[in-house]
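Chemist: A predicted structure for the sequence below; I have some questions about it.
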Amino acid sequence: MPLSDYFSAVDDQAAIAVLQTLGGPEKAGLDVVLLENIDPVVAIARLEAAVTGCSYEEARELPRSGEQLSSSEGESFVISVSDSLVDALAAASRDDLVRSAELWSMTDELRQLGISVEVTVEILEELAGLAQRALASRMRLYCWLAL
């Protein structure tokens, strides 16, 4: 199963630097939400659609949405998370997160993984906390994807 660890970093260069650390962003001492199989391109765009009310297609077209920042050589990559999703997660209330989790858990990507609504709420709470801490520190969010 691929690892998809979501983390905050000051900028793209700092995010890409985690590729030099064996074990990724957690081993590099960064603020991380450890997830498995939460695809940083399709699943996260579907999350953005659920959180913000835009369409999946609109979410995919947003700047930094699922943009691969590192080269495709090797077995790990750094993917950016859109600033609009970070803002929306950071501002979301608990009710907003529960509503978004219900919508997101019905997507093919999460249903195929067998992730329940309850677990999806927990994931969103963790991602929202990461987004809040990132914004407070003037950082952005990324995904370290390791195959």
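Modeler: Here it is on my side, so go on.
Chemist: Specify the residue positioned farthest from the middle of the protein.
Modeler: Glu73 (21.5 Å; Cα atoms, centre = their mean).
Chemist: Read off the pLDDT value for that residue.
Modeler: Note for Glu73: predicted pLDDT of 71.
Chemist: Can you tell me how far it is from Arg60?
Modeler: Going from Glu73 to Arg60 by Cβ to Cβ, to the nearest Å gives 24 Å. The way it works is simple: take the backbone N, C-alpha and C, and place the C-beta from them, glycine included.
Chemist: hmm, who's touching the longest helix seen in the chain?
Modeler: Longest helix in the chain by number of residues, with DSSP state H as the criterion: helix 117-136. Under the contact criterion Cβ atoms under 8 Å, 6 or more residues apart in numbering, helix 117-136 has outside partners 6-8, 31-33, 35, 38, 47, 85-87, 89-90, 92, 94, 97-98, 100-102, 104-105, 110, 115, 139-141.
Chemist: mind listing what's buried in the very next helix or strand once past that helix?
Modeler: Using DSSP states H and E, the helix or strand that follows helix 117-136 in sequence is strand 140-146. If you call a residue buried by 16 or more other Cβ atoms under 10 Å, then strand 140-146 has these buried ones: 140-145.
Chemist: just to revisit the earlier point, okay, and which of the contacts of helix 117-136 map to strands?
Modeler: Residues of these located in strands (DSSP state E): 6-8, 32-33, 140-141.
Chemist: For Arg111, list the residues it contacts.
Modeler: Ser105.
Chemist: how much space between it and Ser71?
Modeler: Distance of Arg111 to Ser71, computed by Cβ to Cβ: 32 Å.
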